[in-house]
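Q: I would like the atomic coordinates for the input below:
(2 chains)
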There are 2 protein chains.
Amino acid sequence: MDVAIVLFERFTALDAVGPYEVLANMPGATVTFVATSPGPKRTDTGYLALTADARLDEVPEPDVVLVPGGPGQVQAEQDGALLEWLREVDRTSTWTTSVCTGALVLGAAGLLEGKRATTYWLAVEQLAAHGAIPVADERVVVDGKVMTAAGVSSGIDMALTLAARLGGDDLARTLQLGIEYDPQPPFDAGSAAKAPAHITSWFRDNSRFILT
Amino acid sequence: MDVAIVLFERFTALDAVGPYEVLANMPGATVTFVATSPGPKRTDTGYLALTADARLDEVPEPDVVLVPGGPGQVQAEQDGALLEWLREVDRTSTWTTSVCTGALVLGAAGLLEGKRATTYWLAVEQLAAHGAIPVADERVVVDGKVMTAAGVSSGIDMALTLAARLGGDDLARTLQLGIEYDPQPPFDAGSAAKAPAHITSWFRDNSRFILT
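A: Coordinates of the predicted model:
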């Protein structure tokens, strides 16, 4: 089973690496990090580079395609070669997936038309501009073969959901124990509904800065 | 505040990237990925490379040092230059930290002597060989200025704990909402105690393969 994870400049590292860590450990899976131009891609913070090993056209028929998000999504939405490749691979993929604002890239490619989808909590309403049905209160949304995750860390939950669909519940449980994913965050502030109001407000006031 | 994250060949990506995603978004923080020899470092699966931007000696006094784990930890424990650097930076660090089997590298450097510490669930007993007091049932263990996390994904919980110590609870909550960390794993199999017995047994039977 071939998994292709798209990289672009100013992506968010955990969007890609969370699902990678689950999917790359599935027996029989290969994972390829792909980009319009291969080579090192800097994350949104500037402090880290991940290498895209292959050009998009070197991976023409992945079974699973995953698009991460991050501020660079704004430029990715303008990358005609990427959008064309996404439309092509979606014809034969088993699953077309995104994490965080990667959903907006799928949307720009026209792949969310009429579909329920989610994205980073600050960007959910933007999905409607791509003809999607925005879902604000689910961490992982499945509509047909399209699976979208909410922000950043939610890609781990999505990948386990995907692993269960691909190989059964026990495969997913095995992968979960493999990454010792028994989350115990020291605070309960991981969603807009749960975080203190002044923190949620700060993000909303700065969303233009955070998302671009 | 300067954070140094160590990379080496065959590390586990999420060990490093989970905490990075939290710590790199702290106001005023800089994060540098360091290695004995800079350049791209391949993860344990072989499917991904992260770039170490700096040599160890280019970051002589980080406030926070973090060592990830992965099968390459076995070779990292033999890397005299890395162990010497860890001993040096520990003299001035505010926090010396590890995720997963990165704790065994701290141990090999002599930094866990007499300290309570944890690591990947399959490797906890190995901590005793380094003079540490192994802790099997805590996801994040703090002893003085040494903070160790359990396996792979637990680095996210550790980084939020660390952020709270560095900048207060509201900073940690802000970072948590920033990565939308409201975990909802589809299964409850993320620890040896919670996973089905046949899955835990499979890991124990294959631990020699998994850890090296």
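
Q: how about the closest residue to A:D169 other than its chain neighbours, phi and psi?
A: Nearest non-adjacent residue to A:D169, counting by Cβ to Cβ, 6 or more residues apart in numbering or on different chains: B:F187, 6.6 Å away. Where C-beta positions appear, they are placed from N, C-alpha and C, glycine not excepted. Dihedral angles of B:F187 (phi, psi; degrees, to the nearest 10) stand at phi -130, psi 170.

Q: A:Q176 is in contact with B:F187, correct?
A: Yes - counting by Cβ atoms under 8 Å, B:F187 does reach A:Q176; the two are 5.7 Å apart.

Q: quick check: neighbours shared by those two?
A: Shared contacts of B:F187 and A:Q176, defined by Cβ atoms under 8 Å, 6 or more residues apart in numbering or on different chains, comprise A:L160.

Q: list the contacts for A:D90?
A: A:D90 neighbours (Cβ under 8 Å, 6+ apart): A:V65, A:T96, A:A109, A:L111.

Q: separation between the last one and A:L127?
A: Distance from A:L111 to A:L127, counting by Cβ to Cβ, to the nearest Å: 12 Å.

Q: apart from its chain neighbours, what residue comes closest to A:Y47?
A: That would be B:V31: by Cβ to Cβ, 6+ apart, it lies 4.1 Å from A:Y47.

Q: partner strands of the host helix or strand of the one you found, parallel or antiparallel?
A: B:V31 belongs to strand B:30-35 when assigned by DSSP states H and E. Using DSSP bridges, strand B:30-35 pairs in its sheet with strand B:2-6 (parallel), strand B:54-55 (parallel).

Q: quick one, which of those strands is nearest to B:Q73?
A: strand B:2-6 (10.5 Å; Cβ to Cβ).

Q: could you list the buried residues of the helix or strand bottoming out on mean pLDDT in chain A?
A: Least confident helix or strand, chain A: helix A:207-211 with a mean of 79, by mean pLDDT, DSSP states H and E. Using 16 or more other Cβ atoms under 10 Å in any protein chain shown as the test for burial, helix A:207-211 gives A:I210, A:L211.

Q: convert it to CSV, retaining C-alpha atoms only.
A: Extracted C-alpha coordinates of helix A:207-211, given in CSV (Å, rounded to 0.1, in the frame of the first residue of the first chain):
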residue,chain,number,x,y,z
SER,A,207,-6.5,34.5,13.1
ARG,A,208,-5.5,36.5,10.1
PHE,A,209,-1.9,36.4,11.3
ILE,A,210,-2.0,32.8,12.4
LEU,A,211,-3.5,31.3,9.2
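
Q: picking that back up, hey, C-alpha coordinates of the helix or strand following the strand holding B:V31 in PDB?
A: The helix or strand immediately downstream of strand B:30-35 is strand B:39-42, counting by DSSP H and E. Coordinates of each C-alpha in strand B:39-42 appear next as PDB, following Å, rounded to 0.1, in the frame of the first residue of the first chain:
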ATOM      1  CA  GLY B  39      22.500  17.400   7.400                       C
ATOM      2  CA  PRO B  40      19.500  15.300   6.700                       C
ATOM      3  CA  LYS B  41      18.800  12.500   9.200                       C
ATOM      4  CA  ARG B  42      16.700   9.500   8.200                       C
END
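
Q: what packs against strand B:39-42?
A: Counting contacts by 3 or more Cβ pairs under 8 Å, 6 or more residues apart in numbering or on different chains; DSSP states H and E, strand B:39-42 is packed against strand B:49-52.

Q: please enumerate the helices of chain A.
A: A:13-23, A:73-76, A:80-92, A:102-108, A:154-167, A:169-178, A:197-205, A:207-211 (DSSP state H).

Q: how close does the closest residue to A:L111 other than its chain neighbours sit to chain B?
A: Nearest residue to A:L111 in three dimensions, chain neighbours excluded: A:D90, at 5.4 Å (Cβ to Cβ, 6+ apart). The gap separating A:D90 from chain B is 22 Å, by Cβ to the nearest Cβ, to the nearest Å.

Q: and A:D90, what pLDDT?
A: pLDDT, A:D90: 98.

Q: distance check, it against B:G46.
A: A:D90 sits 27 Å away from B:G46 when distances are taken as Cβ to Cβ.

Q: same check, this time on A:D44
A: Remark: distance between A:D44 and B:G46 (Cβ to Cβ) = 26 Å.

Q: measure stretch A:104-120 end to end?
A: With Cα to Cα, to the nearest Å as the measure, stretch A:104-120 spans 10 Å from end to end.

Q: just put the contacts of A:D90 in CSV and tack on distance to A:E58.
A: CSV is the format used below for the contacts of A:D90 (distance: Cβ to Cβ, whole Å):
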residue, distance to A:E58
A:V65, 14
A:T96, 19
A:A109, 19
A:L111, 21
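
Q: which of these fall in strands?
A: The members of the contacts of A:D90 that map onto strands under DSSP state E are A:V65, A:T96.
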